[in-house]
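Trainee: mind folding the following:
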Amino acid sequence: MLRWVLTIFLALIVFSAAMPWLEKLGIGRLPGDVRFKLFGRQVFLPFASTVVLSMIAVGIGKLL
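Mentor: Take a look at the predicted model:
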């Protein structure tokens, strides 16, 4: 359980750092991606984008 929580947390950090580049590809504007302001900072939680990119990674992994 802890391994999954850590994996999801790391994925959120990576996606948040790569969002300016990924937004050009359309990732981050899917239904299910959450943006809100908290204490003057913009917080982005890419739930739907994480699922889509995970499915792509699994597909590539199965092909290899």
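Trainee: ok, then the element right after the lowest-mean-pLDDT helix or strand in the chain?
Mentor: Using mean pLDDT, DSSP states H and E, the weakest-scoring helix or strand in the chain turns out to be helix 19-23, at a mean of 80. Where DSSP states H and E defines the elements, the next helix or strand beyond helix 19-23 is strand 33-38.
Trainee: just the buried positions in the following helix or strand past that following strand, please.
Mentor: Next in sequence after strand 33-38, counting helices and strands by DSSP H and E, comes strand 41-46. Neighbour counts over strand 41-46 (16 or more other C-beta atoms under 10 Å) mark residue 46 as buried. For glycine as for every other residue, the C-beta is placed from the backbone atoms N, C-alpha and C.
Trainee: name the strands paired with strand 41-46 and say parallel or antiparallel.
Mentor: Strand 41-46 pairs in its sheet with strand 33-38 (antiparallel), by DSSP bridges.
Trainee: ok now the partner strand, how far from the chain's centre?
Mentor: The chain centroid and the centroid of strand 33-38 are separated by 13 Å under C-alpha atoms, centre = their mean, to the nearest Å.
Trainee: next: stretch 55-62.
Mentor: Computed by C-alpha atoms, centre = their mean, the chain-centroid distance of stretch 55-62 equals 16 Å.
Trainee: how about stretch 14-22?
Mentor: Computed by C-alpha atoms, centre = their mean, the separation of stretch 14-22 from the middle of its chain amounts to 8 Å.
Trainee: can you list contacts of the least confident helix or strand of the chain?
Mentor: Here helix 19-23 makes contact (C-beta atoms under 8 Å, 6 or more residues apart in numbering) with 15, 28, 29, 44, 46, 49.
Trainee: what's the distance between residue 11 and residue 64?
Mentor: Remark: distance between residue 11 and residue 64 (C-beta to C-beta, to the nearest Å) = 20 Å.
Trainee: more neighbours: these two, which one.
Mentor: Neighbours were counted for residue 11 and for residue 64 using other C-beta atoms under 10 Å; residue 11 has more, 15 against 5.
Trainee: quick one: what helix or strand has the more buried one in it?
Mentor: With DSSP H and E as criterion, residue 11 is part of helix 2-17.
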